[in-house]
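sequence first, predicted model second:
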Amino acid sequence: MLIAAAVSSNVINGLYIVAFALFIFGLSGLTGPRTAVRGNKIAAVGMAIAFIATLLQPGIFHGSSTPWLIALGLVLGTAIGIPAALRVRMTAMPQMVAIFNGVGGGAVWLIAWVEYRHRFGGHYALKPEIASLIAAVIGSISFWGSNIAFGKLQELLPGRPIKLPFQSVINLGLLLVCLGSLIALASGVHSQALFIGGILAAAAILGNMVVLPIGGADMPVVISLLNAFTGLSAAITGIALNNTALIVAGMIVGASGTILTNLMAKAMNRSVPAIVAGGFGGATVTPTGREGAAAGTVRSTTPQDVAIQLAYANQVVIAPGYGMAVAQAQHAVRELERALEKKGVTVKFAIHPVAGRMPGHMNVLLAEADVPYDLLKEMDEINPEFPRTDVTLVIGANDVTNPAAKNEPGSPIYGMPILEVDRSGAVIVLKRSMASGFAGIDNPLFYQEKTSMLFGDAKQSVSEVTAELEAL
Amino acid sequence: MNTVTEIAILVLAGFVGFQVISKIPNTLHTPLMSGTNAIHGIVLMGALIVLAQTSGVLEKALIVIAITFGTINIIGGFFVTDRMLGMFKRKEPPKTDEDEGQT
């Protein structure tokens, strides 16, 4: 019996190692679009192997109802997961990723809670107990924070920052409650109520409090951060349960989320703590006062004029933003790009790292619309091209093109790297109205002499321009 | 396994993750995120391990929810990533003029 168990545990660990190797190999496939599909499948095979290995563990089916409960969970998860994955629109990917982050965090705190109940009053070794408590805190923050992020992105909640007075003091207090409860429980206080109130509930409120004050423009950072949290909480659950599969896979996700969080924060020239402490557009909305006086005149244009301007250009750069996603305009943009290429105009796309609501949001939308990915240029690559560009078409982007970030030290976004569209020959901004962006900051670009505005729904405007272009 | 070994695994996995993921281009960051959503579905394994030790309806119900969550992550995550990556892949070979739906 003992030998059988030992052999079995070696087999299980061996299979886990195969699974990690496949995760890492699969993820390294994501370094290029060519190998990415295969990479994802390889990672999925790794997951299947980890699943089989776990089922091989002795005693996993202990109890008469256990196999049925496992089956029930698997069936429910599949029944929810597959339709969600197949139906979600590419424009809704940020919400999808947010809710998937939340679901992972949810599983973590549920496991931690059951572990605590199960060991309650009994002998709970210190290491798994502490690990489990930390996992519960992080998992609960991630679960509730992600749900709020989902609510904001799905527009169930207002996207603008919602803030309480003394927000940071309250947050700090909640964090201290979590830490205090954690220490109390670890040092031998056996209290179910303290676990639920001091760990799960306090972390839940903290998760809400951290994400509610964050504005839409900061979403790419927050989603990445929650991704890191969920991964980390899974890794710590692995320590609590002595399970290497959870440690390795969770930590890889934690690393990924951390890298993305830093990239996004850098692309906004903001520190992660500053973003977590509260969004843009708070108290100081007097930044462009001086500029505003000089501003005033905005030149409005027509689809016909835009078509003529574009037709006689050598190079056109399209800078998309969240507005393109909202208007579902990606297919119309692709049509425009084709029409321009037929006229011999070179078209490139300028992709700001934080355009949209999550890392890589614009790339996915344009890929969906079949825009060849070699036309998509990252910020550092496209910025030197603007002086050589005749017309830049800004579609639903605002803050990422705002020259105030470069030349107005008083602006809240001063120092944020931007797409330098104002260096191109002419700029056409497609916009619904003159309302300012999510950041609530006025954009001097709109008042420049070389800029003209095409007001209206982005999808409709782009289609009209394409029609005019084809009629020329 | 002792704590030191586990922390060592944790740290090393972190380094490997950093190395691999820092090479992934911006273009694929959304699929990366949904792919990592699938990978943190590994919590399913944790839920499976804990289930056998549970007693009572509440504990079992909580773990069934956790299993459901983990499965949503894995199945949903890999499927949606596959769907997205298919969109990136599709347009390599056909650079010809086969304008679908635009005649």
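Alright, I've got the coordinates.

residue contacts, residue 25?
Using chain A here. Going by CB atoms under 8 Å, 6 or more residues apart in numbering or on different chains, A:Phe25 touches A:Gly39, A:Ile42. Heads up, the C-betas are built off the backbone N, CA and C, glycines and all.

chain B, not that one
B:Pro25 sits in contact with A:Thr31, A:Gly32, where contact means CB under 8 Å, 6+ apart.

and if we set it to 7 Å?
A:Thr31 (CB atoms under 7 Å, 6 or more residues apart in numbering or on different chains).

pLDDT on stretch A:194-201, on average?
Averaged across stretch A:194-201, the pLDDT comes to 93.

quick one: is it near chain B?
No. No part of stretch A:194-201 sits close enough to chain B to count as contact by CB under 7 Å from any CB of the partner chain; the gap is at least 11.4 Å.

name the element residue 34 belongs to?
This is for chain A. Under the assignment given by DSSP states H and E, the secondary-structure element containing A:Arg34 is helix A:33-55.

chain B is the one I meant
Secondary structure here is read from DSSP H and E; on that basis B:Ser34 sits in helix B:29-39.

ok and that helix relative to helix A:33-55, angle-wise?
Using axes from the mean of the first three to the mean of the last three CA atoms, to 10 degrees, the inter-axis angle of helix B:29-39 relative to helix A:33-55 is 10 degrees.

for the next helix or strand after helix B:29-39, name the packing helices and strands.
Next in sequence after helix B:29-39, counting helices and strands by DSSP H and E, comes helix B:43-51. Counting contacts by 3 or more CB pairs under 7 Å, 6 or more residues apart in numbering or on different chains; DSSP states H and E, the secondary-structure elements packed against helix B:43-51 are helix A:33-55, helix A:66-87, helix A:93-119, helix A:219-241, helix A:244-267, helix B:57-71.

point me to the residue of chain B nearest chain A.
Going by CB to the nearest CB, chain A is nearest to B:Thr71 of chain B, at 2.3 Å.

who's in contact with that residue?
By CB under 7 Å, 6+ apart, B:Thr71 lies in contact with A:Gly73, A:Leu74, A:Gly77, A:Thr78, A:Gly81, B:Leu44.

where in the stretch 301-450 of chain A is pLDDT low?
Applying pLDDT under 70 to the stretch 301-450 of chain A picks out residues A:435-440.

which parts of it are helices?
Here the stretch 301-450 of chain A has its helices, by DSSP state H, counting those that start in this stretch, at A:303-311, A:322-326, A:330-342, A:361-368, A:379-382, A:404-407.

out of the contacts of B:Thr71, grab the one that's most surrounded.
In terms of neighbour count, B:Leu44 stands highest of the contacts of B:Thr71 at 33 neighbours, by other CB atoms under 10 Å in any protein chain shown.

on that earlier part again, the helix holding A:Arg34 and chain B, any residue contact?
Yes. Using CB under 7 Å from any CB, we find that helix A:33-55 touches chain B at A:Pro33, A:Ala36, A:Val37, A:Asn40, A:Ala43, A:Ala44, A:Met47, A:Ala50, A:Phe51, A:Thr54.

the fifth one contacts A:Ile24, correct?
Pointing back at A:Ala43 there. No. Look at A:Ala43 against A:Ile24 with CB atoms under 7 Å: they stay out of range, at 8.7 Å.

give me the nearest residue to the residue of chain B closest to chain A, chain neighbours excluded.
Leaving aside its chain neighbours, B:Thr71 sits nearest to A:Gly77 (2.3 Å; criterion: CB to CB, 6 or more residues apart in numbering or on different chains).

go ahead and confirm that neighbour touches B:Ile75.
Yes. With contacts defined as CB under 7 Å, A:Gly77 counts as touching B:Ile75 at a distance of 6.2 Å.

what does the worst-scoring helix or strand of chain B on mean pLDDT contact?
Taking mean pLDDT, DSSP states H and E as the measure, the helix or strand of chain B with the lowest value is helix B:77-90, at a mean of 89. The contact list for helix B:77-90, computed with CB under 7 Å, 6+ apart, reads A:33, A:36-37, A:40, A:44, A:82, A:85-86, A:88, A:96, A:100, A:364, A:367-368, A:373, B:30-31, B:34-35, B:37-38, B:41.

could you list the buried residues of that helix?
With burial defined by 16 or more other CB atoms under 10 Å in any protein chain shown, the residues of helix B:77-90 counted as buried are B:Gly77, B:Phe78, B:Phe79, B:Val80, B:Thr81, B:Asp82, B:Arg83, B:Met84, B:Leu85, B:Met87, B:Phe88, B:Lys89.

who's A:Lys431 bridged to?
On the basis of DSSP bridges, A:Lys431 takes part in beta bridges with A:Phe455.

number of residues surrounding it?
A:Lys431 is flanked by 23 other residues according to other CB under 10 Å.

next: A:Leu472.
12.

got a list of what it touches?
Listed by CB under 7 Å, 6+ apart, the contact set of A:Leu472 reads A:Ala307, A:Ala311.

got it, and A:Trp109?
Listed by CB under 7 Å, 6+ apart, the contact partners of A:Trp109 are A:Ala136, A:Gly139, A:Ser140, A:Phe143, A:Leu200.

between these, which has the most around it?
Note: the member of those with the most neighbours is A:Gly139, at 32 neighbours, neighbours being other CB under 10 Å.

and that one, what element?
A:Gly139 is part of helix A:126-153 when elements are defined by DSSP H and E.

immediately after that helix, which helix or strand?
Toward the C-terminal end, the helix or strand that comes next after helix A:126-153 (DSSP H and E) is helix A:167-186.

who are the packing partners of that following helix?
Using 3+ CB pairs under 7 Å, 6+ apart as the contact criterion, the secondary-structure elements in contact with helix A:167-186 are helix A:126-153, helix A:192-194, helix A:202-211.

check which residues of it are buried.
A:Gln167, A:Asn171, A:Leu174, A:Leu175, A:Val177, A:Cys178, A:Leu179, A:Ser181, A:Leu182, A:Leu185, A:Ala186.

with respect to pLDDT, which of the residues you listed ranks lowest?
Looking at the buried residues of helix A:167-186 by pLDDT, the weakest one is A:Gln167, with 81.

my read: it touches A:Pro213, true?
Yes. With contact defined as CB under 7 Å, A:Gln167 reaches A:Pro213; the gap is 6.0 Å.

ok, A:Ser452 to A:Asn443 distance?
Here A:Ser452 is placed at a distance of 14 Å from A:Asn443 (CB to CB, to the nearest Å).

go on, B:Pro25?
Note on B:Pro25: its distance to A:Asn443, by CB to CB, is 29 Å.

same thing with B:Phe88?
Remark: distance between B:Phe88 and A:Asn443 (CB to CB) = 31 Å.
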